[in-house]
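# Give the three-dimensional model of this entry:
(one chain, ligands or ions: 1)
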Amino acid sequence: MLPFKKWFGSKLNSEELISRLDTDNIPNHVAVIMDGNGRWAQKRGLPRVAGHHSGMKNVKKITMAADAIGINILTMYAFSTENWKRPKEEVEYLMKLPLEFFPKEIDELIANNVQIRMTGWQEGLPDYTLKAIQDAIDQTKHNSGLILNFALNYGSRKEMLSGVQQLARDIADGIVTADAVDDAVFSRYLLTHPLPDPDLLIRTSGELRISNFMLWQLAYSELWFTELCWPEFTEQHFYEAVQEYQRRARRYGGL
Ligand code: FPP
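This next block holds a predicted model:
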């Protein structure tokens, strides 16, 4: 049997799928590795960047789907610290997506009370990318609804190493004692602070790995994989993932 569930196509529409969800067990934080844009495009004889463009449009669709069922935080892995190794043209294209996405979508995001956030290093990002994101963060900072968090220029090992370095400095300066370092203290040194850990991780495109994404934060998350590429992943698939999450018994190492 395949280690992931093949999607055979639900006959149910979004409303029907939503009505089957347990409203008392909606994941608080869902994180998504939006993989397979390039393959989706290549299968259709399109340039890889066409896949990224289609993937960008899907961010909005899945944000609305998450909001509709009361998910509080949606983290989207948009660009990793390793993605700089890609061809220059592809990196440039990805860096320009926020310039298209936010002006086009911000009004509807605001109307839906969405808060934009970013997790990742600002250093290294082009000024225009940062400005597009910072404007969206500023425009939505008084909203109180779903947090749409873009993991951009993010890598988990680098995040943990910088956290450990800062922690070591704070211990040396007497701000923290080594014995006081527990999960909660360490979490404060991570870029995701103060967001809670994801309850559910979704990865598209059939790859069964975490790819340096939130290695600490995903310790007890439920993982859900699909063979579908990100641009073809719909609201229905999203609700299927949440339904599967609700069937899981989360034991956190206990019985
Ligand atoms: C991985 O798929 C995807 C990315 C590196 C980029 C994901 C970004 C978006 C979907 C857009 C984000 C939107 C904003 C507004 C920032 P891949 O192309 O590496 O897949 P492949 O394995 O098929 O090549």
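
# Okay, now the unreliable bits of this protein?
Counting by pLDDT under 70, the chain shows low-confidence ranges at 1-10.

# and the longest helix for it?
Taking DSSP state H as the criterion, the chain has its longest helix at helix 88-111.

# So is that helix next to the ligand?
Yes - using C-beta under 6 Å from any ligand atom, a contact is recorded between helix 88-111 and the ligand, made by 94, 97-98, 101. No exception for glycine: its C-beta is placed from N, CA and C like everyone else's.

# can you give me the helices in the stretch 51-200 of the chain?
Along the stretch 51-200 of the chain, the stretches classed as helices by DSSP state H, counting those that start in this stretch are 88-111, 127-139, 156-172, 183-187.

# near the ligand, which residues of the stretch 51-200 of the chain show up?
Counting by C-beta under 6 Å from any ligand atom, the residues of the stretch 51-200 of the chain that sit close to the ligand are 51-52, 55-56, 59, 78, 83, 94, 97-98, 101, 150.

# Could you pull up the contacting residues of the closest residue to G155 other than its chain neighbours?
In space, G155 comes closest to T81 once its chain neighbours are excluded; the distance is 3.2 Å by C-beta to C-beta, 6 or more residues apart in numbering. Under the criterion of C-beta atoms under 8 Å, 6 or more residues apart in numbering, the contact partners of T81 comprise 120-121, 153-155, 158, 212.

# now those as JSON lines including neighbour count?
Listed next are the contacts of T81 as JSON lines, based on neighbours: other C-beta atoms under 10 Å:
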{"residue": "G120", "neighbour count": "23"}
{"residue": "W121", "neighbour count": "16"}
{"residue": "N153", "neighbour count": "23"}
{"residue": "Y154", "neighbour count": "24"}
{"residue": "G155", "neighbour count": "21"}
{"residue": "K158", "neighbour count": "17"}
{"residue": "N212", "neighbour count": "16"}
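
# Need the max-distance pair from those residues.
W121 and N212 (13.5 Å; C-beta to C-beta).

# Tell me the secondary structure at Y220.
Secondary structure for Y220, judged by DSSP: H, G, I helix; E, B strand; the rest coil, is coil.

# and it, what is it in contact with?
Counted by C-beta under 8 Å, 6+ apart, Y220 has contacts 197, 250, 252-253.

# Could you tell me how far Y189 is located from E222?
When C-beta to C-beta, to the nearest Å is applied, the distance between Y189 and E222 equals 25 Å.

# Please identify the buried residues of stretch 30-49?
Along stretch 30-49, these residues count as buried under the neighbour rule (16 or more other C-beta atoms under 10 Å): 30-41, 48-49.

# Could you list which of those also contact the ligand?
Restricting those to contacts with the ligand (C-beta under 6 Å from any ligand atom) yields 34-39.

# could I get the residues you listed as a markdown table with distance to N13 and secondary structure?
Conversion of these to a markdown table gives the following (distance: C-beta to C-beta, whole Å; DSSP: H, G, I helix; E, B strand; the rest coil):
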| residue | distance to N13 | secondary structure |
| --- | --- | --- |
| M34 | 23 | coil |
| D35 | 26 | coil |
| G36 | 24 | coil |
| N37 | 26 | helix |
| G38 | 30 | helix |
| R39 | 27 | helix |
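
# S14: which of those is nearest?
Using C-beta to C-beta, the shortest approach to S14 within those belongs to M34, at 19.6 Å.

# Ramachandran coordinates for that closest one?
phi -90, psi 80 (degrees, to the nearest 10).
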